[in-house]
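Student: Sequence and predicted model, in that order:
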Amino acid sequence: MSIQLTILGYNSATPKVDSHPTAQLLNVNERFILIDCGEGTQVQLRRARAKFSKINHIFISHLHGDHVFGLIGFISTMQLMGKIKPLNIFGPEGIKDFILNQLKHTQSKCSYEIIFHELSHKDSRLIFEDNKLEVYNIPLDHRIYCNGYLVKEKPRLKNLNIEAIQAYPEIETCDYFNLKKGKDFVLSSGEIIPNDVLTFPQEEPLSYAFCSDTRYKEDLIDIIKGVDLLYHETTFDKSLGDLAYKTGHSTAEQAATIAKKANVGKLIMGHFSNRYTDLTILLDEARKVFPKTYLPKNLEIVEVKRN
């Protein structure tokens, strides 16, 4: 089992020489998804040596430019590269119109289908799943409709304890799949052999939560409780708490408080105001509340591990 997060951008508002607006590439057991797509995302993907063709799902938090202005460029590049598979884009109502209008006015056509999944609900729901992962939206509190995303591995089949199985001649190869799925085995005598006798314990699936632009919101805690890795915006330090609330953002202390109350494994901060030339003020503030807090690094690959 493996989840790897590549930090493509972590700025707020505008690009800088050495950092970009929000964008992340998440690899869940070789299922690649793009989360937000700020300006310069496709350049960062190239620097990260990511394979564009493997990205078939994009999740956009909201329609502020620093989270979406790179999307039309990425879509255009995929067309030039001859993409064939459909591209699924999840985001708020309006994202379909936003993209189709740009394609229309630039007289651009796509060689592949774009499937839009527009979100408007204000509760957390399962919005996507396949055989490898599940994705839930996380309702946030920003100036406009905004979601974070919770990504969970699907549990894998259990591993068989062949030595234990061999003690019961009635168990045949055709029974193995049911055992891997967690079912007990019933002998012809009616005796039930518990599944945990015949299999090895499963590791808990890994999970990652992305919380983009939001005010401090305790409703998040139950949704993200116990995740292995949390990204939470930290636009300001606590001395600017009033400004954070007014603009729909969080302070470093507030993000750390959410991480602590949700008992997450690790917190990565991001979406920093450009007023900070030294981010240690934000890191120190957060670590006083939640010591396992870290600053992002450009193109860093973060291995998601259990807490």
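Tutor: Good, I have the coordinates.

Student: Going by C-alpha atoms from here, please, whenever you check contacts or count neighbours.
Tutor: OK.

Student: show me where pLDDT drops low in the stretch 101-250 of the chain?
Tutor: Judged by pLDDT under 70, the stretch 101-250 of the chain has no weakly predicted residues.

Student: how about the strands in it?
Tutor: With DSSP state E, counting those that start in this stretch applied, the stretch 101-250 of the chain shows strands at 114-119, 126-129, 133-139, 147-153, 185-186, 192-193, 207-211, 229-233, listed in chain order.

Student: Show me how far the third one is from its chain's centre.
Tutor: By that I understand strand 133-139. 8 Å (C-alpha atoms, centre = their mean, to the nearest Å).

Student: Show me what it is packed up against.
Tutor: Using 3 or more C-alpha pairs under 8 Å, 6 or more residues apart in numbering; DSSP states H and E, the elements in contact with strand 133-139 are strand 126-129, strand 147-153, helix 220-224.

Student: if we can go back for a sec, between the strands of the stretch 101-250 of the chain, which one is nearest to residue 179?
Tutor: strand 185-186 (7.4 Å; C-alpha to C-alpha).

Student: in its sheet, what does that closest one sit against?
Tutor: The pairing partners recorded for strand 185-186 under DSSP bridges are strand 192-193 (antiparallel).

Student: How far away from the center of its chain is the strand it pairs with?
Tutor: Counting by C-alpha atoms, centre = their mean, strand 192-193 comes out at 40 Å from the chain centroid.

Student: same question, stretch 115-129
Tutor: With C-alpha atoms, centre = their mean, you get 14 Å for stretch 115-129.

Student: and if you look at stretch 164-173?
Tutor: With C-alpha atoms, centre = their mean, you get 41 Å for stretch 164-173.

Student: Give me the contacts around that stretch.
Tutor: Stretch 164-173 is contacted from outside by 185, 187, 197-198, using C-alpha atoms under 8 Å, 6 or more residues apart in numbering.

Student: now do 10 Å
Tutor: 176, 179, 185-188, 193, 197-199 (C-alpha atoms under 10 Å, 6 or more residues apart in numbering).

Student: how about that stretch: buried residues?
Tutor: Using 16 or more other C-alpha atoms under 10 Å as the test for burial, stretch 164-173 gives residue 165.

Student: Could you do stretch 45-60 as well?
Tutor: Along stretch 45-60, these residues count as buried under the neighbour rule (16+ other C-alpha under 10 Å): 45, 48, 52, 55-60.

Student: now swap in stretch 83-90 and tell me
Tutor: Across stretch 83-90, burial judged by 16+ other C-alpha under 10 Å covers 83, 87-90.

Student: can you list those in CSV and add distance to residue 275, secondary structure and pLDDT?
Tutor: Listed next are the buried residues of stretch 83-90 as CSV, based on distance: C-alpha to C-alpha, whole Å; DSSP: H, G, I helix; E, B strand; the rest coil; pLDDT from 0 to 100:
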residue, distance to residue 275, secondary structure, pLDDT
83, 40, coil, 92
87, 36, strand, 97
88, 35, strand, 98
89, 32, strand, 98
90, 31, strand, 98
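
Student: Using CSV, write out the CA atom coordinates for stretch 76-94.
Tutor: The C-alpha trace of stretch 76-94 is given here as CSV (Å, rounded to 0.1, in the frame of the first residue of the first chain):
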residue,chain,number,x,y,z
SER,A,76,-4.8,22.1,-24.0
THR,A,77,-1.5,20.3,-23.6
MET,A,78,-3.3,17.0,-23.1
GLN,A,79,-5.0,17.6,-26.5
LEU,A,80,-1.7,18.3,-28.2
MET,A,81,-0.3,15.1,-26.6
GLY,A,82,-3.1,13.1,-28.2
LYS,A,83,-4.9,12.1,-25.1
ILE,A,84,-7.7,9.6,-25.7
LYS,A,85,-9.0,8.6,-22.3
PRO,A,86,-11.8,10.7,-20.8
LEU,A,87,-10.7,13.4,-18.3
ASN,A,88,-13.0,13.6,-15.2
ILE,A,89,-13.1,17.1,-13.5
PHE,A,90,-14.7,17.5,-10.1
GLY,A,91,-15.4,21.0,-8.9
PRO,A,92,-18.0,23.6,-8.0
GLU,A,93,-20.9,24.5,-10.2
GLY,A,94,-19.6,26.8,-12.9
